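Visitor: Next input, structure requested:
(2 chains)
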Amino acid sequence: MKKRIALLLTVAMVLGLAACGSKTEEPAAAEPAQTEGEAEAETPDAEPAGDDAATPAASGDTVKVAFITQSLSNASQAFAWSQFQKFAGEYGFEVTLFDEDYDAQNGVAAIGTCIAQKYTAICMNPTDPSALIPAIQEAKEAGIIIGLYSSELPEGFATTEYRDFMCGTNDVLFGEIAAKTLMEAFPDGCNVVEVGGQSGHAAQINRHDGFFNTIDDSINVLDAQDCQEWASEDAMAIMEDFITKYGSDIQAVYCHWDVGLTGCIEAMKASSDIDIANVYTIGVDGCAIGFDQVKEGTQSLCIGQSFTQMTIDAFDCITTIMNGGTLESDVVWTEPQIITTDTLDDYPYPEW
Amino acid sequence: MTKTKTNPYLEFLKQNLVLCGIVVLIIVTAIAEPKFLGTSNLNNVLRQLGPLPFAALGMTFVIIGGFIDLSIVGIISLVGVITIGLVDPLGQVGALLAGILLGAFLGWLNGLVLTTCGAMTQAEVLFITYGMSSIYTALALIYTGSETLRISRSEKSISIFTTLGSTNIGIIPVVLVVFVIVLILMHLFHRKTIWGRAIALMGGNKDAAYLAGFNMKRTMRLAYAINGTMSALASIALLSRVTTATATSGANYETNAILCVVVGGTTLKGGKGSVLRTMLGVVLITLLGNCMNMLNLSTYMQTVMRGAVLVIAIWLDNRKEL
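Guide: Model prediction:
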């Protein structure tokens, strides 16, 4: 009887996963997780910029574009993939997902697969860009268009010798915007604490550097601490400790990501030592939670990144290169969104 | 026959190493940062205990039973997102109960899978529960589409979650009061019931437990069901505290829970241990995090310290056997 129950449960689970898997499969190391073809094209919200956008589709050739991402468990990357699928049809691309699952070796294997299967282009947001350089060189030699998406190769390799283009947001700029906004909000200076993202992560380092290199002497950084993971509980615990140490001396909080700022906000709400109404709060990402917090008045500034625009920029670059054109610049920065209560309605509510 | 003279102080230190560690940590941090001993920080530390004690409590039973469970990462994540998702259709009480039942079921399912496939060593159990964790996390990812769910978006009342997450009785957080009740119940279960003893006997000597007439498979499923239930409570405490849940919000809870259990003195070999001592481990690990933040230690150093504490705890555990 128990064996039957176990068997039934296992079969139910496998069937359930198989059914769901047709939508979001867990990928094997070098096997593509998903492929979305031209037939699934949807009407985009934003207009593609390039004049050549329809060229490959018109010629009838299949243009295979791979998207290698750190992990689909990251909400921003899941949304980015949805944008790849959304715009693929419009550009005549067949897009395929490779999920690194935070393992650089999976990225190397994915590039190998793309070379073997003669992909036209690869867009990648790798876990460890340095680890992929030899594989990227191999792909370049095989004639594949290499694009970095929302991340960049390390210094010395961020040239067209290694990759054709980079589309993304500038994390250093995010830090700079946070610093400048803070200096404008507090012309006489203020005390700020910084709750960093995952320690050692490129985004955490750049968002920190951009902020610290921009603030002037009027901004007094009381304390700065990074999290072990991009986990709001980590951010909350750090903020609680900051409140214990500095209490109402804290006038501003700069957190590297909106969901982390949720933890900071909850820590302030729960404490009698600080009044959140008197604290200027800054978060980065521009996800739905950030928008909600700006709307509620608990987040003063949300610095957003548009993955929709980033995807369009990447597809335009691929199309231009494919058609023998030359890019105006091999680096295409996506304009950051400055979301406050005044500008909230200027931006579409994010889907992630 | 000569009798070896033992130093009573050394003996006390050996027997109460965790307690001594806590005292040393408090003294050192208080000297470096006087605000550490304030009421505000005491409340802070009590709040930071949050979900970890529940996870460690459940893990204690599995480890006493001679096994290990890496699936709590997946259980905490899945229960969190499902509970938030059920608040609107079922109301907060219904969502809470459904979350706890789901955790118990997933734990029981782990036990069923393990017993069905005959996994009886820690290595087998380790890999199978890791696999189960991946399945639960994947289900949570499918359910959320990788989105972060926020409980305050619910249209129905979330007062129970708010109370659990941010309300105090004096300086004692409500969630801690709930935990103490659960702790007392689980301690009584462990010490006073036949099933509690069966779990310990299974961990100490499976053959003896079998010959004594205990149903090993049922005992194993019970230990895992308890762990699943405790993981669900940890998940609810977590989402009440941070007000959000993601498909990966349970990350690292398995290592931290095991760390607390081992540091508390429960042997990884099974058979011996105490839920009360695990709580000393929880206090030490939580306090360690708080102290390191207060002393401005970098995140890298904090990770080194946690790793070192785990290695030392296992080393001391093994030394006892020599």
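
Visitor: So which residue is dead centre in chain A?
Guide: residue A:76 (4.8 Å; C-alpha atoms, centre = their mean).

Visitor: can I assume that one is in contact with residue A:306?
Guide: No. In this structure, residue A:76 is not within contact of residue A:306 by C-beta atoms under 8 Å, at 10.9 Å. Glycine gets a C-beta too; all of them are placed from N, C-alpha and C.

Visitor: For residue 104, give me its contacts.
Guide: This is for chain A. By C-beta atoms under 8 Å, 6 or more residues apart in numbering or on different chains, residue A:104 lies in contact with A:126, A:127, A:128, A:131, A:132.

Visitor: To clarify, I was referring to chain B.
Guide: Per C-beta under 8 Å, 6+ apart, neighbours of residue B:104: B:225, B:228, B:229, B:232.

Visitor: same check, this time on residue B:264
Guide: B:18, B:56, B:60, B:273, B:274, B:277, B:278, B:279, B:280, B:281, B:282.

Visitor: What values do phi and psi take at it?
Guide: phi -70, psi -20 (degrees, to the nearest 10).

Visitor: Can you tell me how far it is from residue B:280?
Guide: 5 Å (C-beta to C-beta, to the nearest Å).

Visitor: Now do the shared contacts for these two.
Guide: Contacts common to residue B:264 and residue B:280, judged by C-beta under 8 Å, 6+ apart, are residue B:18.

Visitor: Do a quick rundown of the helices in the stretch 151-300 of chain A.
Guide: Under the criterion DSSP state H, counting those that start in this stretch, helices of the stretch 151-300 of chain A are mapped to A:171-185, A:202-212, A:232-246, A:258-270, A:288-296.

Visitor: could those go into TSV alongside mean neighbour count, distance to residue B:112 and mean pLDDT?
Guide: Listed next are these as TSV, based on neighbours: other C-beta atoms under 10 Å in any protein chain shown; distance: least, C-beta to C-beta, whole Å; pLDDT from 0 to 100:
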stretch	mean neighbour count	distance to residue B:112	mean pLDDT
helix A:171-185	19	46	93
helix A:202-212	20	42	90
helix A:232-246	26	31	91
helix A:258-270	26	35	93
helix A:288-296	21	37	93
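
Visitor: For residue B:218, find the nearest of the ones you listed.
Guide: helix A:232-246 (35.2 Å; C-beta to C-beta).

Visitor: Report the helix or strand with the lowest average pLDDT across chain B.
Guide: In chain B, no helix or strand scores lower on mean pLDDT, DSSP states H and E than helix B:8-15, which sits at a mean of 76.

Visitor: burial count for residue A:152?
Guide: Using other C-beta atoms under 10 Å in any protein chain shown, residue A:152 has 19 neighbouring residues.

Visitor: Please name the residues that touch it.
Guide: A:129, A:158, A:166, A:168.

Visitor: how deep is the first one tucked in, by neighbour count?
Guide: Just to be clear, that refers to residue A:129. 22.

Visitor: Next: the last one.
Guide: The number of residues packed near residue A:168 is 22, by other C-beta under 10 Å.

Visitor: who's it bridged to?
Guide: residue A:333 (DSSP bridges).

Visitor: what separates it from residue A:335, distance-wise?
Guide: 11 Å.

Visitor: near chain A, which residues of the stretch 201-322 of chain B?
Guide: For the stretch 201-322 of chain B, the residues found near chain A under the criterion C-beta under 8 Å from any C-beta of the partner chain are B:238, B:241-244, B:246-249, B:251-252, B:289-290, B:293-294, B:296, B:298-300, B:302-303.

Visitor: Chain B: which of the contacts of residue A:152 is nearest?
Guide: residue A:168 (19.2 Å; C-beta to the nearest C-beta).

Visitor: what about whatever residue of chain A ends up closest to chain B, neighbour count?
Guide: Residue nearest to chain B within chain A (C-beta to the nearest C-beta): residue A:78, separated by 3.4 Å. By other C-beta under 10 Å, 24 other residues sit near residue A:78.

Visitor: do residue B:17 as well
Guide: 17.

Visitor: now do the one 3 residues further on
Guide: The number of residues packed near residue B:20 is 13, by other C-beta under 10 Å.

Visitor: Also residue A:105?
Guide: Neighbourhood size, residue A:105 [other C-beta under 10 Å]: 15.

Visitor: Distance check, it against residue A:128.
Guide: Applying C-beta to C-beta to residue A:105 and residue A:128 gives a distance of 10 Å.

Visitor: can you check residue B:215 too?
Guide: Counting by C-beta to C-beta - residue B:215 and residue A:128 are separated by 49 Å.

Visitor: Compare neighbour counts for the two and give me the winner.
Guide: residue A:128 (18 against 13).

Visitor: OK, contacts around the more buried one?
Guide: With C-beta under 8 Å, 6+ apart, residue A:128 has these contacts: A:104, A:107.

Visitor: which ones are touching the closest residue to chain A within the stretch 1-150 of chain B?
Guide: Using C-beta to the nearest C-beta, residue B:146 is the residue of the stretch 1-150 of chain B that sits closest to chain A, at 3.4 Å. By C-beta under 8 Å, 6+ apart, the contact list for residue B:146 reads A:72, A:73, A:74, A:75, A:77, A:78, A:79, A:352, B:246, B:247.

Visitor: Which residue, neighbours along the chain excluded, lies closest to the third one?
Guide: Nearest-residue entry for residue A:74: residue B:146, 6.8 Å, with adjacent residues in sequence omitted and distances by C-beta to C-beta, 6 or more residues apart in numbering or on different chains.

Visitor: How about residue A:280?
Guide: Nearest non-adjacent residue to residue A:280, counting by C-beta to C-beta, 6+ apart: residue A:252, 4.1 Å away.

Visitor: now swap in residue A:160 and tell me
Guide: Nearest one to residue A:160, counting by C-beta to C-beta, 6+ apart, is residue A:330 at 5.1 Å.

Visitor: Any figure for the gap between the one you found and residue A:146?
Guide: For residue A:330, the distance to residue A:146 equals 11 Å [C-beta to C-beta].

Visitor: so what sits against both of the two?
Guide: Contacts common to residue A:330 and residue A:146, judged by C-beta under 8 Å, 6+ apart, are A:163, A:164.

Visitor: which SS class is the residue nearest to residue B:145 when sequence neighbours are not counted?
Guide: With C-beta to C-beta, 6+ apart as the criterion, residue B:145 has its nearest non-adjacent residue at 6.3 Å, and that residue is residue A:78. Three-state call for residue A:78 (DSSP: H, G, I helix; E, B strand; the rest coil): helix.
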